[in-house]
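1. Have a look at this prediction, sequence included:
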Amino acid sequence: MEKRLVFIVNPSAKNGVSKKIWNKLNYKLDNIPYEVFYTKHQKHAQDLAHSIALSISDPILMVAVGGDGTIHEVINGVVSFQHVTIAYIPAGSGNDFAKGYKLPIKPDECLAHLLQMKENEGVFFDTGKYTNKTGQGHFVNSLGAGFDASITRRVNSSFTKKWLNFLGLGKLVYALFMLIELFRYRPTTIYLVINGVEYTFERAWFVTISNQAFYGGGMKISPLADPGDGELNITVVSEISRIMILFIFLSVFWGGHIKFKAVHLLKGTDILIHSTANIPVHADGEFAGETPVQIKVCPHSWKLIKTYENVKQLIA
Ligand SMILES: Nc1ncnc2c1ncn2[C@@H]1O[C@H](COP(=O)(O)OP(=O)(O)OP(=O)(O)O)[C@@H](O)[C@H]1O
């Protein structure tokens, strides 16, 4: 049976650029049957995705159009629905999901790719499931606690992101807020319990739990993370001066930070993060409350459209 083609469009992503991208693309769907839903507020993409998955029992290709927040919400809505395959048209300021899952970035190429691969069987990937006082949810890119979540909280609640997006400089927003937070943030002791073993990190800046390599608009925080390996990759940065944090963040763009002594790399499937003072948490760049937070991997819990890379691997 042919898959139903459903688009979930966040018209507000990247200050409305997403809507413009969608308006250009839908002309190219002239003779192709599809349905489209527009998000109206936060978490709407998740509710829409969930109710579509419940109401349509035929196989669905569900395409998120927006930024990392939009794809995060859509996947949260359909985790464990075996008849839904996800595709994505990146139209946000960061687009870490597209990079991490090796999807095309340009809207025209994305559309051509998803139409070409529509009827192929998708590929299963993991999520990380987090639970804290605020609630629970899944992340597909990464979850962070501490300095990076503090940056995320400021970025998402500020008008600067809107202005920089307006000027076409949206990618700079994290760098700018990182500089501001660098002088404000106070490192804490972070405790991690990974698969039952406790680790203590004094004067820790942040811990990131990665499902795939990229975060924060193209930073390769966890170069070895593989979203289909059934494990989560952990990066902790501790006992380092404010100036050295800057060098670490510069080197994150090519993954060079892993050579620093202050950067600790671990792996696990079941992780508890707690700290002396409660610190902010983000999930895929969306604010997600504070520590303590429990994280468990959900292996192969959602399906992504086959990429050209998968096809190359099959041929090789
Ligand atoms: N109609 C809407 N109006 C305002 N906000 C919305 C609307 N629909 C969805 N949202 C919210 O917009 C937020 C930002 O979306 P998204 O992350 O996709 O775009 P972005 O911030 O431009 O991109 P990126 O995360 O890649 O930087 C999400 O938290 C989402 O819940």
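-> The structure has been received and is ready for your questions. Numbering: from 1, shown residues only.

2. Write out the residues of the stretch 151-300 of the chain neighbouring the ligand.
-> Contact residues (CB under 6 Å from any ligand atom) of the stretch 151-300 of the chain with the ligand: G285, E286. C-beta: built from backbone N, CA, C; applies to glycine.

3. what about the helices in the stretch 151-300 of the chain?
-> Taking DSSP state H, counting those that start in this stretch as the test, the helices found in the stretch 151-300 of the chain are 160-166, 173-184, 242-252.

4. Need those helices in CSV (columns: distance to F7 and mean pLDDT).
-> Putting those into CSV (distance: least, CB to CB, whole Å; pLDDT from 0 to 100) gives the following:
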stretch, distance to F7, mean pLDDT
helix 160-166, 22, 68
helix 173-184, 27, 84
helix 242-252, 33, 88
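
5. which one is I221 nearest to, not counting chain neighbours?
-> Closest residue to I221 apart from its sequence neighbours, by CB to CB, 6 or more residues apart in numbering: Y215 at 5.0 Å.

6. domain ranges for the protein?
-> 4-119, 129-299 (automatic domain parsing).

7. which of these has the lowest average pLDDT?
-> Among the domains of the chain, domain 129-299 carries the lowest mean pLDDT, at a mean of 91.

8. That domain: end-to-end distance?
-> 10 Å (CA to CA, to the nearest Å).

9. And stretch 216-232, by the same measure?
-> 18 Å.

10. Quick check: buried residues in it?
-> Neighbour-count burial for stretch 216-232, counted by 16 or more other CB atoms under 10 Å, picks out G216, G217, M219, K220, I221, S222, P223, A225, D226, P227, E231, L232.

11. Next, format the helices of the stretch 151-300 of the chain as JSON lines and append mean neighbour count.
-> Shown next, in JSON lines, are these (neighbours: other CB atoms under 10 Å):
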{"stretch": "helix 160-166", "mean neighbour count": "17"}
{"stretch": "helix 173-184", "mean neighbour count": "17"}
{"stretch": "helix 242-252", "mean neighbour count": "16"}
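
12. Which of the ones you listed sits closest to P299?
-> Nearest to P299 among the helices of the stretch 151-300 of the chain is helix 242-252; the distance by CB to CB comes to 26.9 Å.

13. ok and that closest one relative to helix 173-184, angle-wise?
-> Relative orientation of helix 242-252 versus helix 173-184 (axes from the mean of the first three to the mean of the last three CA atoms, to 10 degrees): 160 degrees.
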